[in-house]
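Engineer: quick check, what structure comes out for this input:
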Amino acid sequence: MSEPAAESAAWLAQVRAWLAQHPPQALAAPAGADELGRSLLAILAQARASAAAVSAVLAPQGVEDRNKYDFLAGRLAQITAFPGFSLAEYTYHLAGGARPGLRLWLQEHHWRRRVQALLFPEVGRWQADAAGRKISRELLTLELDQEPRPRFTPEMGRWYDAAWDWRQCLTQAMCLPVLLAGEEGRG
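Structural biologist: A predicted model of the protein is given here:
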């Protein structure tokens, strides 16, 4: 294992250890929450805990998490009525001043719901394509069937273990802004 790979593995082990000591706290489901709503609450709880773990291990840098989880939990019926909705957004404050962002984007695709973890390279200087859309990179997709099912692009597959469940994959996606920034800094 190369030195950067060993450093990444050690850092990831610290994130997972912190998360094991501080497991996700469930969000209160509103009365009448359906299967989709319960899945979204579980995803938000895992994302909140994962962001806290990354931030704790990164200290004194960290992850800015200004999401209103309880507000979102109480508005699931309205949120799921939209064909697309930003569930949560995180800004990473990394050494050297880099500020990548991660967005959890709920969308309907071919009549099915999914949550994508999208990486924005630098939230201080938004990059856009020719059509004016913000440029992002898909880190992970959670297909919302009965249980969230992780899916990732072949390019991102090297960052995930095929045996991981959706929770482990989401935690990994929450770590990728740090790992990819380190990789780009060495490249």
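Engineer: mind checking the SS state of the residue lying closest to residue 98 once chain neighbours are set aside?
Structural biologist: Here the nearest residue to residue 98 in space, its sequence neighbours aside, is residue 181; by CB to CB, 6 or more residues apart in numbering that works out to 5.3 Å. All C-beta atoms are positioned from the backbone trio N, CA, C, and that covers glycine. Secondary structure of residue 181, reduced to three states by DSSP: H, G, I helix; E, B strand; the rest coil: helix.
Engineer: tell me, how many residues neighbour residue 181?
Structural biologist: 20 (other CB atoms under 10 Å).
Engineer: am I right that residue 36 is in a helix?
Structural biologist: Yes - assessed by three-state DSSP, residue 36 belongs to a helix.
Engineer: give the contact list for it.
Structural biologist: When contacts are counted by CB atoms under 8 Å, 6 or more residues apart in numbering, residue 36 is found next to 76, 80, 113, 144.
Engineer: swap in 7 Å and give it another go.
Structural biologist: The neighbourhood of residue 36, defined by CB atoms under 7 Å, 6 or more residues apart in numbering, consists of 80, 113, 144.
Engineer: among the residues you listed, who's most crowded?
Structural biologist: Of the contacts of residue 36, residue 144 is surrounded by the most neighbours, 21 neighbours in total, counting by other CB under 10 Å.
Engineer: and that one, what are its phi and psi?
Structural biologist: phi -100, psi 80 (degrees, to the nearest 10).
Engineer: separation between it and residue 106?
Structural biologist: Counting by CB to CB, to the nearest Å, the separation of residue 144 from residue 106 is 8 Å.
Engineer: shared neighbours, these two?
Structural biologist: Common neighbours of residue 144 and residue 106, using CB under 7 Å, 6+ apart, are 113, 115.
Engineer: list the buried residues of the host helix or strand of residue 141.
Structural biologist: For residue 141, the element it lies in under DSSP states H and E is strand 137-144. Across strand 137-144, burial judged by 16 or more other CB atoms under 10 Å covers 137-142, 144.
Engineer: residues making contact with the following helix or strand past it?
Structural biologist: Using DSSP H and E, the next helix or strand after strand 137-144 towards the C-terminus is strand 148-151. Counting by CB under 7 Å, 6+ apart, the neighbours of strand 148-151 from elsewhere in the structure are 39, 43, 140-143, 166, 169.
Engineer: quick one, strands of this protein?
Structural biologist: Under the criterion DSSP state E, strands of the chain are mapped to 62-65, 84-93, 101-109, 112-120, 137-144, 148-151.
Engineer: can you give me the neighbour number for residue 9?
Structural biologist: 11.
Engineer: show me where pLDDT drops low in the chain?
Structural biologist: Low-confidence segments of the chain (pLDDT under 70): 1-6, 126, 128-129, 131-133, 135, 183-187.
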